[in-house]
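Enquirer: no sequence for this one, just the structure:
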């Protein structure tokens, strides 16, 4: 037992040493290439889309057309694990409600090439938005980001607004999003006894250039809806509160009561999002 404990501690020390050397920003990304479900299994029409990034990667996405005349486009940025095929159910209900949906996999996820990092995924998020703007009929565009996708979406939407890009976004929806990359890294490191003493130096290996609380006010005048659950066991509720407090008007806060990334299982929450989009 003593030898086993010694090996475990040695392994943890080596892992921490590695994190100190290369940084822990990679801990935000847990991609895989499994196919969990495809739109046709849900009786949804879809189109495979392949995009080339400026730095030579190929991104894969799905275009889901609305059922009937489209009211607008929803650009969806998913969370940090798996790929679009496991996040599809979060947006599969939108075509029936009259919205086209475009969702992409960041580099290293699903069929997309490369390996993810913060800067790269931010670049991928903008690449997808530019494809939507340049390749589909002009309609109101709402950016919907969930968890990690919300953090990427805040930076993208803020820069899009501050640069006065055309067309302007019509709405931004953030679901279960953390308030900052470095902030959540430090919080998670502080929760484990072995990394608690090193939470400050380890978290400083994560860039603080894209903290959501610093960027979200820049999305204005585009309306922002912040959604967060009091039962979110992955990204605690106070992150949603911090983002909402830092946002400028017009803004809406939707307090929910589901596990992390399970908001759209509840029809009433779907209805609230549609109300927000159609105001």
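Expert: Ah, there it is. Note that this is a predicted model, so its numbers are computed, not measured.

Enquirer: now the helices for the chain?
Expert: 2-22, 84-87, 118-135, 148-162, 181-190, 199-203, 212-215, 237-246, 267-278 (DSSP state H).

Enquirer: list the helices and strands the fourth one packs on?
Expert: Yep, that's helix 148-162 we're talking about. On a contact count with 3 or more CB pairs under 8 Å, 6 or more residues apart in numbering; DSSP states H and E, helix 148-162 meets strand 72-77, helix 118-135, strand 141-146, strand 171-175, helix 212-215. Yep, even glycine has a C-beta here, placed from its N, CA and C like the rest.

Enquirer: Same check on the second one?
Expert: In terms of contacts (3+ CB pairs under 8 Å, 6+ apart), helix 84-87 is packed against strand 58-64, strand 99-104.

Enquirer: that older thread, among the helices and strands packed on helix 148-162, which is the most enclosed?
Expert: Greatest average neighbour count among these goes to strand 171-175 (a mean of 28), per mean count of other CB atoms under 10 Å.

Enquirer: list the helices and strands it packs on?
Expert: Strand 171-175 sits against strand 141-146, helix 148-162, strand 224-229, helix 267-278, with contacts defined as 3+ CB pairs under 8 Å, 6+ apart.

Enquirer: what's stretch 148-158 in contact with?
Expert: The list of residues contacting stretch 148-158 from outside it, by CB atoms under 8 Å, 6 or more residues apart in numbering, reads 28-29, 76-80, 121-122, 125-126, 129, 143-145, 169, 172, 174-178, 180-181, 210, 212, 215-219, 222, 243.

Enquirer: repeat for stretch 123-137
Expert: 49, 51, 53-55, 57, 59, 61, 63, 70, 73, 75, 77, 100, 102, 104, 106-107, 112, 141, 143, 149, 152-153, 155-156, 159-160, 167.

Enquirer: shouldn't residue 34 be in contact with residue 84?
Expert: No: shown here, residue 34 and residue 84 do not form a contact pair, counting by CB atoms under 8 Å, at 11.3 Å.

Enquirer: who has more neighbours, these two?
Expert: Neighbour count, other CB atoms under 10 Å: between residue 34 and residue 84, residue 84 has more, with 26 against 10.
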